[in-house]
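Student: Here is my input, please return the structure:
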Amino acid sequence: MPNQNVIPPYEQMYRLNQQLILNADRLQYAVVTVGGQAVQYWISAYYDLYNSSRLPDDRLTTSIDCDYSARKDDIAAIAETLNVKFWSNKGGNPPSLAQFMLIDRDTDDIKQIDDGLFAVPDDPEVANTVDIIDKPGGFERVDFLGSKLHIFTTPFLIESTGPDVPEMHEKVRVLNPIACVRSRFSNLIDLRRDPEVENSRINALKIPCFYFLLDVFDKQPYDIAREMYLELWQLAYEENSLRHQAFWECWHGPLMEDQQSNNISLLDVLEKVHKYLSEHLEDFDIPPAFVEKELPIKLARLREKFERYIELNYEYAARGRRGFERNRRDD
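Tutor: As a prediction, the model looks like this:
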């Protein structure tokens, strides 16, 4: 194979979605970008707003393969649009519905565009993979139907390069940053995935969540914006989620110079959004009672519960130290 460049994984997803957007009339239902590629989408969207001294670690916040949530009815149409072969997971366990190796159906070589290969970066001889799942962690299939689809996803935007190239299509979507956080917490808690990876992704999503919510309150109907904010509040308030937020808030183990923060608390994001809305209330078409009465009550409840979990963590840590010291004396 001649010497060719491997397209970076995030750009591979971007290029694939370009093709889907141009041919979205073939789709019956929404096709949603999920997984690490969805996280990277939002990091890229708000990249200039991160502190330049501690940017998200690409090694932890993105993934190599390309993951979509879709319906079985659209698997063949997706494969035909991308011009690749696919294998259905007929006898396997969900959530996986099908897999595509990004191998061109016409040439049987690794798919390529503009001399760039859709390959694994560290192994250019191996085609990258597209995994089609029925739902990401933390969700049910009904969460991507009807009005809920617009609460948890948003259209995947691309740059228009000509009059016949639209910037988006309603059927080609991406998990919004709040839904990404929900999915990462599910991976962390329910699936017990690597805490370093999941914490890094949740931490990296805090800035997108803040700016995304402000944008939603500015541009979307109040009812939709309120539901999105309360979705993040509910996730922050859930017992299992709160235990993890408090644990990592208390964790003072060593961080390498280039290691991402373990801070996954959602309270500070919610409070900062509330503070901004309070200080610029006249700029938003939202009921004053929501900002001045409802949110202060909910945030006070969350802070009280969060601080109680913090105290418990410190108390358990102190008990552990005392037990360790007694055992050392016994030795």
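
Student: Would you map the helices across the stretch 151-300 of the chain?
Tutor: According to DSSP state H, counting those that start in this stretch, the stretch 151-300 of the chain carries its helices in the segments 177-189, 195-219, 222-237, 239-250, 267-279, 288-289, 295-330.

Student: and those, which is most packed in?
Tutor: For the helices of the stretch 151-300 of the chain, the largest average neighbour count (mean count of other Cβ atoms under 10 Å) is found in helix 177-189, namely a mean of 25. Any C-beta I mention is one placed from the backbone N, CA and C, and that applies to glycine too.

Student: Outside of that helix itself, list whatever touches it.
Tutor: For helix 177-189, contacts defined as Cβ atoms under 8 Å, 6 or more residues apart in numbering pick out 34, 38-39, 42, 136-139, 152-153, 175, 193, 195, 198-199, 201-202, 205, 208-209, 212-213, 228, 231-232, 235, 240-241, 244, 266.

Student: Quick one: low-confidence residue ranges for this protein.
Tutor: Filtered on pLDDT under 70, the chain yields the residue ranges 1-4, 53, 89-95, 251-261, 317-331.

Student: Using the record's assignment, carve it into domains.
Tutor: Domain assignment of the chain by automatic domain parsing yields the ranges 5-174, 177-328.

Student: for this structure, longest strand please?
Tutor: In the chain, with assignment by DSSP state E, the single longest strand is strand 96-104.

Student: A76 against F86, yeah?
Tutor: Yes: using Cβ atoms under 8 Å as the test, A76 is close enough to F86 to be in contact (7.5 Å).

Student: Leaving out chain neighbours, which residue sits closest to N199?
Tutor: Nearest residue to N199, sequence neighbours excluded (Cβ to Cβ, 6 or more residues apart in numbering): N262, at 4.9 Å.

Student: What separation do you get for that neighbour and T129?
Tutor: Taking Cβ to Cβ, to the nearest Å as the measure, N262 falls 30 Å from T129.

Student: Any idea how many residues pack against D164?
Tutor: For D164, the count of nearby residues is 7 (other Cβ atoms under 10 Å).

Student: What separation is there between it and D25?
Tutor: From D164 to D25 the distance is 13 Å (Cβ to Cβ).

Student: Tell me how far the spatially most central residue of the chain lies from D106.
Tutor: Centrality entry for the chain: nearest residue to the mean C-alpha point is C180, 2.7 Å, by Cα atoms, centre = their mean. Taking Cβ to Cβ as the measure, C180 falls 35 Å from D106.

Student: Quick check: D74 touching L27?
Tutor: Yes: using Cβ under 8 Å, D74 is in contact with L27, at 5.2 Å.

Student: that older thread, and the next helix or strand after the longest strand of the chain, what does it pack onto?
Tutor: Counting by DSSP states H and E, the next helix or strand C-terminal to strand 96-104 is strand 112-113. On a contact count with 3 or more Cβ pairs under 8 Å, 6 or more residues apart in numbering; DSSP states H and E, strand 112-113 meets no helix or strand.

Student: Direction included, what does strand 112-113 pair up with?
Tutor: strand 116-117 (antiparallel) (DSSP bridges).

Student: downstream neighbour of the partner strand in the secondary structure list?
Tutor: Immediately after strand 116-117, counting by DSSP H and E, sits strand 119-120.

Student: picking that back up, looks like the residue nearest to N199 contacts N203 (just checking).
Tutor: Yes: counting by Cβ under 8 Å, N262 does reach N203; the two are 7.1 Å apart.

Student: Take the helices of the stretch 151-300 of the chain and lay them out in CSV including distance to K171.
Tutor: Listed next are those as CSV, based on distance: least, Cβ to Cβ, whole Å:
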stretch, distance to K171
helix 177-189, 17
helix 195-219, 21
helix 222-237, 19
helix 239-250, 31
helix 267-279, 30
helix 288-289, 37
helix 295-330, 34
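
Student: returning to what we had before: N262 and T129: which has the busier surroundings?
Tutor: Taking other Cβ under 10 Å, N262 and T129 do not tie; N262 has more neighbours (19 against 15).

Student: Return the distance of that one relative to A246.
Tutor: The gap separating N262 from A246 is 12 Å, by Cβ to Cβ.

Student: how far out from the middle of the chain is stretch 69-79?
Tutor: Once both centres are worked out by Cα atoms, centre = their mean, to the nearest Å, stretch 69-79 turns out to sit 21 Å from its chain's centre.
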